[in-house]
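> The following block contains a protein sequence and its predicted model.
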Amino acid sequence: MDFLACVCLLHLLFLATSRVAAQASSPARALDAMLQDHAYRAFVHPHTGIVYNATVPANLTGVALSAVRLRSGSLRRKGFSDYFDFTVPTGIVVQPYVERVVLVYHNIGNWSDHYYPLPGYTYLSPVLGLLLYDAANLSAVGLQELSFVASGSPISINFSDVRSVPAGGPAPRCVWFDLDGVPQFRDLEASNVCSTYRRGHFSIVVNSSAIPPGPVPSGNITPPIPTPTGRSKGSSKGWKIAVGVVGGVIALVLLASLVVCLARYKRDKKLELMEQNAETGETLRMAQVGRSQAPVALGTRTQPVIESEYVA
Ligand SMILES: *[C@@H]1O[C@H](CO)[C@@H](O)[C@H](O)[C@H]1NC(C)=O
Ligand SMILES: *[C@@H]1O[C@H](CO)[C@@H](O)[C@H](O)[C@H]1NC(C)=O
Ligand SMILES: *[C@@H]1O[C@H](CO)[C@@H](O)[C@H](O)[C@H]1NC(C)=O
Ligand SMILES: *[C@@H]1O[C@H](CO)[C@@H](O)[C@H](O)[C@H]1NC(C)=O
Ligand SMILES: *[C@@H]1O[C@H](CO)[C@@H](O)[C@H](O)[C@H]1NC(C)=O
Ligand SMILES: *[C@@H]1O[C@H](CO)[C@@H](O)[C@H](O)[C@H]1NC(C)=O
């Protein structure tokens, strides 16, 4: 039982660390951080409730980014409709509560395959993101996203830019990526409409087999080829080193606890075995007494350990 507990603990630790590592190191999360920074720069003298379009770095041309500052209370009471393809209903609860929030819109455009690769599927729409941040400091960088949940009706996403697929093939589906980047699939609410109760990135996809081969439209089918050139050298290297160091330390700790666990398990098992032997030894001896010391009793049990012990 002790051993099982150990295994469970280790399993959990592994899960936790792999999730953290995935979050910290994925290009999509680095993009989220960069877009948060650029979205906040669009707020020069911001008016609450006005949508500001932000500019993105030249190497991200094709990505659209906008932000709006809102009071949490107003977001909850009034919602925020027509935020590009998103319709945010009333009843949005911000977690943890802050007084003012920034609702950030991403349209990852032709970078969708690059940042949200999804083997076996083809995007029919650009990946759209809806993230929420604390508005307390509009100069802040590296902000953590806030959670929110639609406590009434869900947020609906009416995708305006959707490619059609030939009829008769597999049905298009909604895909949702939370911050951990794990895709989750849902059925469409209506043609081109998906819904969500939470933050994240969204799109409509179809099994790639539904797309007839031939001239590749807008480069969407080709899987992303990681190009070592176009990426940020310094920061991504820094990230990798940091993640590597943290990962190494965690791995060492895990290894050490595994060794300790195994040693403890072995010792416990040994103790258990000794106790068991002692017990069976006792019953044997009693049986022996019952049969008035007849040596035949030994032969009826085929337990070599006990036998030799008894003989010795
Ligand atoms: C913001 O960008 C969208 C397209 O992403 C455009 O339709 C809209 O007119 C822009 N708004 C302003 C104020 O520039
Ligand atoms: C997306 O399109 C822009 C031009 O609109 C281009 O500069 C950029 O390289 C494209 N990105 C990808 C990943 O193809
Ligand atoms: C796509 O469809 C093909 C054939 O219908 C199937 O073998 C494959 O598993 C599907 N892929 C996914 C990712 O669902
Ligand atoms: C806002 O964030 C910036 C950048 O992180 C920091 O330098 C500044 O001190 C912060 N301001 C406040 C009032 O916290
Ligand atoms: C989605 O948008 C289209 C037009 O862009 C509109 O005709 C349709 O009613 C909308 N659907 C929903 C569920 O809002
Ligand atoms: C774009 O350039 C910035 C520096 O200006 C860099 O941090 C970022 O990683 C680059 N992104 C891509 C996709 O090349």
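Yes, it's here. Ligands and ions are numbered 1, 2, ... in the order given.
> What's opposite the closest residue to ligand 1 within the chain in the beta bridge?
Evaluated by C-beta to the nearest ligand atom, the chain has Asn53 as its residue closest to ligand 1, separated by 3.6 Å. No exception for glycine: its C-beta is placed from N, CA and C like everyone else's. Note on Asn53: beta-bridge partners by DSSP bridges are Ser66.
> Looks like it contacts Leu65 (just checking).
Yes. Checked against C-beta atoms under 8 Å, the pair Asn53 and Leu65 is within contact range at 7.3 Å.
> and for these two, which residues touch both?
Ala42 (C-beta atoms under 8 Å, 6 or more residues apart in numbering).
> what about these two, which has more around it?
Neighbours per residue, other C-beta atoms under 10 Å: of Asn53 and Leu65, the larger number sits with Leu65, 22 against 12.
> and the closest residue to the more buried one other than its chain neighbours, what does it touch?
Beyond its immediate neighbours in the sequence, the residue positioned closest to Leu65 (C-beta to C-beta, 6 or more residues apart in numbering) is Ala54, lying 4.4 Å away. Contact partners of Ala54, counting by C-beta under 8 Å, 6+ apart, are Leu35, His38, Ala39, Arg41, Ala42, Leu65, Ser66, Ala67.
> Take those residues and lay them out in CSV including pLDDT.
Compiled in CSV, the contacts of Ala54 are given as follows (pLDDT from 0 to 100):
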residue, pLDDT
Leu35, 97
His38, 97
Ala39, 97
Arg41, 97
Ala42, 96
Leu65, 98
Ser66, 98
Ala67, 98
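> Between all of those residues, which two are separated the most?
Arg41 and Ser66 (12.3 Å; C-beta to C-beta).
> who in the protein is up against ligand 2?
With C-beta under 6 Å from any ligand atom as the criterion, the chain meets ligand 2 at residues Thr61, Gly62, Asn110, Trp111, His114.
> all strands of the stretch 51-200 of the chain, in order?
Taking DSSP state E, counting those that start in this stretch as the criterion, the stretch 51-200 of the chain contains strands spanning 51-54, 64-71, 80-83, 86-88, 92-95, 100-107, 121-123, 128-134, 147-150, 155-158, 173-177, 183-186, 193-196, 200-207.
> export these to CSV and tack on distance to Leu31?
Formatted as CSV, the entries for the strands of the stretch 51-200 of the chain read as follows, by distance: least, C-beta to C-beta, whole Å:
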stretch, distance to Leu31
strand 51-54, 13
strand 64-71, 10
strand 80-83, 20
strand 86-88, 19
strand 92-95, 23
strand 100-107, 8
strand 121-123, 16
strand 128-134, 9
strand 147-150, 19
strand 155-158, 19
strand 173-177, 12
strand 183-186, 16
strand 193-196, 19
strand 200-207, 10
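> Low-confidence stretches in the stretch 201-312 of the chain?
Residue ranges of the stretch 201-312 of the chain with pLDDT under 70: 213-312.
> Can you get me a residue count around the residue of it found nearest ligand 5?
Taking C-beta to the nearest ligand atom as the measure, the stretch 201-312 of the chain has Ile204 as its residue closest to ligand 5, at 12.7 Å. The tally of other residues near Ile204 (other C-beta under 10 Å) stands at 27.
> who does it bridge with?
In this structure, Ile204 bridges to Cys174 when assessed by DSSP bridges.
> Start at 37, not 1
Yes, from this point I'll number from 37; that puts the last item at Ile240.
> I'd like the distance between it and Val185.
Relative to Val185, Ile240 is positioned 23 Å away (criterion: C-beta to C-beta, to the nearest Å).
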